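>>> give the three-dimensional model of this entry:
(one chain, ligands or ions: 1)
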Amino acid sequence: MKRINFSVFFLVLLFLFPSQNEEYFTQLRKQMVERQLKRRDITDPKVLDVMGKVKRHLFVSENLMGEAYADFPLPIGEGQTISQPYIVALMTQLLNVKPGEKVLEIGTGSGYQAAVLAELTDSVFTIEIKEKLAVSVEKRLKNLGYHNIKAKYDDGYYGWEEYAPFDAVIITAAANHIPPLLVKQLKEEGRLLLPLGSTRYWQTLTMGTKISGELKNIRHYTDVIFVPMTGEIQKR
Ligand code: SAH
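Just a heads-up that it's a prediction; the model follows:
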């Protein structure tokens, strides 16, 4: 009951005072950067800047906007989640995308991670396997003016050959192995970052670099819990 009242109150406020609400969200975003990112290990000024800029509340449903800057993941429908802000920041920091680089994301979800990456480079490609999410995210990214993100509804296991090779590939769903075509579609020296491990329990953020056609220099970072990558990967 309390929650419904709050949501209604919030929506009325949003309707009556849209600019004040933007200020409110800007404050929440600043706090998020200070308390959740800077106090942990997010040190890259570009990442901190982008996390303070992208309006995460516009990537969740209206009733969850008030929680958009909290230190946990949120549901985005279809049983999927938008990652906790810190995890988005950490993956962005590890991937270290530079202007001019071409990035492929597997698992568009809400489009938030893609939007964060699109602030750091000129071309982001993203694939979503759930049709409903893919359709709504395409609309959202268009409305928000992210013309440098190209999204499609498909199984990301196969990558996006048409636009390959990519400088970086990021998978934002749990995988128990590295999809070989994603390595194939990487440039030499390109990076691939994913939550690798058990799709039932937890995974380890893992990143490798393509050297002589193979993924090498594989490094393991922190343990994470992502929703599983589905589709072809589950048959292998
Ligand atoms: N990056 C997203 C959150 C990812 S949640 C964000 O910023 O909001 C993981 C997403 O990966 C889900 O939307 C899920 O449907 C999608 N997914 C799972 N398996 C996939 C596959 N094989 N190809 C593309 N997307 C996939």
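>>> got the residue ranges for the strands in the protein?
74-77, 80-82, 102-106, 123-128, 149-153, 166-171, 186-197, 203-211, 214-224 (DSSP state E).
>>> the closest residue to Ile106 other than its chain neighbours: how many residues sit nearby?
Of all residues not flanking Ile106 in the chain, Gly156 sits nearest, at 3.3 Å (C-beta to C-beta, 6 or more residues apart in numbering). C-beta here means a position set from N, CA and C on the backbone, and glycine is covered the same way. When neighbours are defined as other C-beta atoms under 10 Å, Gly156 has 30 of them.
>>> what does Val227 give?
19.
>>> same question for the one 4 residues further on.
Close neighbours of Gly231, defined as other C-beta under 10 Å, add up to 15.
>>> quick one, what contacts it?
Ile129, Asp155, Gly156, Tyr157 (C-beta atoms under 8 Å, 6 or more residues apart in numbering).
>>> phi, psi for the nearest residue to the second one once chain neighbours are set aside please.
Spelled out, that is Asp155. Counting by C-beta to C-beta, 6+ apart, Gly231 is the residue found nearest to Asp155 once chain neighbours are left out, at 3.9 Å. Phi and psi for Gly231, reported as degrees, to the nearest 10, are phi 90, psi -140.
>>> need the per-residue pLDDT for the residue nearest the centre of the chain.
Nearest to the mean C-alpha position of the chain, by C-alpha atoms, centre = their mean, lies Gln113 at 2.4 Å. Gln113 is assigned a pLDDT of 98 by the prediction.
>>> also Phe72?
So Phe72 comes in at 98 (pLDDT).
>>> and the nearest residue to it once chain neighbours are set aside, how many neighbours does it have?
Nearest non-adjacent residue to Phe72, counting by C-beta to C-beta, 6+ apart: Gln84, 5.4 Å away. When neighbours are counted by other C-beta under 10 Å, Gln84 registers 17.
>>> show me what from the protein comes close to the ligand.
Along the chain, the residues adjacent to the ligand under the rule C-beta under 6 Å from any ligand atom are 76, 80-83, 106-107, 109-110, 112-113, 127-130, 133, 155-157, 172-173, 227, 229-231.
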